[in-house]
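Trainee: What follows is a predicted protein model with its sequence.
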Amino acid sequence: MPELPEVEVVKRSLISKIQNLIIKEVKINDHRLRYPINKKEIRKIVGLKIKKIKRRSKFLLFFFNNDIIMLVHLGMTGKFFYINKKNTKFKTSFYYDINNKKDTKHDRVVFFLNNSQKLIYNDVRKFGFIKFYKNNNISNTFHLNNLGPEPFDHKFNYNYFRQYISGKNRVIKDILMDQKFVSGIGNIYANEVLFLSEVKPTRKVKTLKDFELKKIIKFTKHILKTSIKLGGSSIKDFSSSNGKKGSFQQHFNVYGKKDYFCTKKNCKNKIVKSIISNRSTFFCSNCQK
DNA sequence: AGGCATGTTACAGG
DNA sequence: ACCTGTAACATGCC
């Protein structure tokens, strides 16, 4: 589900609701996530306070006392729900949260909090994971130490772009989704960035002109920021929801828009869909060169 | 029934 | 050691 903007929105929501609370109990309904949950390690956070919550790329880091860090990746379908203990109504919501949620089937882990609420990790496809580290070796984990710069980092600039792609024989869409190049962009935002940059996703990076690299950098930062402001993209549309949902999906120009008309003025083309590296790719063959 | 899905990574071959 | 492309993971929906 989540790319950088969605994870950022989840992080902010978590901070506002559970920062400084204490884990009273943890219940595991299914430990078979992408990596099996280590039951001994997860028990160690019982009694500890959630001091800080940070995001790096699409990862969430929960900082507890005793130097313990819980690293969470939401995979494709991971979600957090903040719910009251009597299981009646959600007090508030995180990304994708819905008030009439009946999907308890995919609640994989339940964290009971000292304010009588609970935090649920729900993950349909189980591509997400929850792992534990000590503060002093978190950056050594292979999950984090091969990541490229955050898109908003000043290090993500034209010179870096030029240097990274030199000698590479790949297409631009693959590079944008390469977490070693820049961290946090997935299939949706890669498609959208290339549309606004007017660059065809199939272009080999060695053919890109300076002004195109600059546009890609500019629109990457712009799109991700805008999406965060709008609460991210909520792709599924639940019928009755009191939960907060993102609205950036209403601003998609190409993602999922096969056969729709191109949104650029004076363009009569329809968006086409193709497959690049096993991922659906959408673009306007008229506007994107 | 078969294809597709917002992500990551292990592996194979060059 | 680096580069690139492919398949696999688990589950549900259209």
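Mentor: That came in fine, so what should we check first?
Trainee: I'd like the distance between A:Gln250 and DNA strand C.
Mentor: 19 Å (Cβ to the nearest atom of the strand, to the nearest Å). Yep, even glycine has a C-beta here, placed from its N, CA and C like the rest.
Trainee: What is the neighbour count of that residue?
Mentor: By other Cβ atoms under 10 Å, the residues close to A:Gln250 number 9.
Trainee: So it belongs to a helix, correct?
Mentor: Yes: counting by DSSP: H, G, I helix; E, B strand; the rest coil, A:Gln250 is part of a helix.
Trainee: How about the contacts made by it?
Mentor: With contact set as Cβ atoms under 8 Å, 6 or more residues apart in numbering, A:Gln250 has no partners.
Trainee: could you check the distance from it over to A:Glu3?
Mentor: Shown here: A:Gln250 relative to A:Glu3, a distance of 16 Å by Cβ to Cβ, to the nearest Å.
Trainee: measure the closest residue to A:Glu41 other than its chain neighbours to A:Lys180 for me?
Mentor: Closest residue in space to A:Glu41, ignoring its immediate chain neighbours: A:Phe132 at 4.1 Å, by Cβ to Cβ, 6 or more residues apart in numbering. Noted for A:Phe132: a distance of 25 Å to A:Lys180, by Cβ to Cβ.
Trainee: Those two: who's more crowded?
Mentor: A:Phe132 (18 against 10).
Trainee: Hmm, the more buried one is touching A:Lys39, no?
Mentor: No: using Cβ atoms under 8 Å, A:Phe132 makes no contact with A:Lys39, being 10.8 Å away.
Trainee: rewinding a little: looking at the residue nearest to A:Glu41 now. What's its pLDDT?
Mentor: For A:Phe132, the pLDDT comes out at 96.
Trainee: which stretch of helix or strand covers it?
Mentor: Assessed by DSSP states H and E, A:Phe132 sits inside strand A:129-134.
Trainee: and the next helix or strand after that strand, what's its mean pLDDT?
Mentor: Counting by DSSP H and E, the next helix or strand C-terminal to strand A:129-134 is helix A:142-145. Averaging pLDDT along helix A:142-145 yields 92.
Trainee: For the helix or strand following helix A:142-145, give me every contacting residue.
Mentor: Using DSSP H and E, the next helix or strand after helix A:142-145 towards the C-terminus is helix A:158-165. The list of residues contacting helix A:158-165 from outside it, by Cβ under 8 Å, 6+ apart, reads A:148-149, A:175, A:181, A:205-206, A:208, A:210, A:213-214, A:216-217.
Trainee: Give me the buried entries from those residues.
Mentor: With neighbours counted by 16 or more other Cβ atoms under 10 Å, the contacts of helix A:158-165 contain buried members at A:148-149, A:175, A:181, A:205, A:208, A:213, A:216-217.
Trainee: Who are the contact partners of the residue nearest to A:Glu41?
Mentor: Contacts of A:Phe132 by Cβ under 8 Å, 6+ apart are A:38, A:41-42, A:44-45, A:68-71.
Trainee: Now with 7 Å, please.
Mentor: A:38, A:41-42, A:68, A:70 (Cβ atoms under 7 Å, 6 or more residues apart in numbering).
Trainee: Widest-spaced pair of those residues?
Mentor: Across those, the longest distance by Cβ to Cβ is 12.1 Å; it joins A:Asn38 and A:Ile68.
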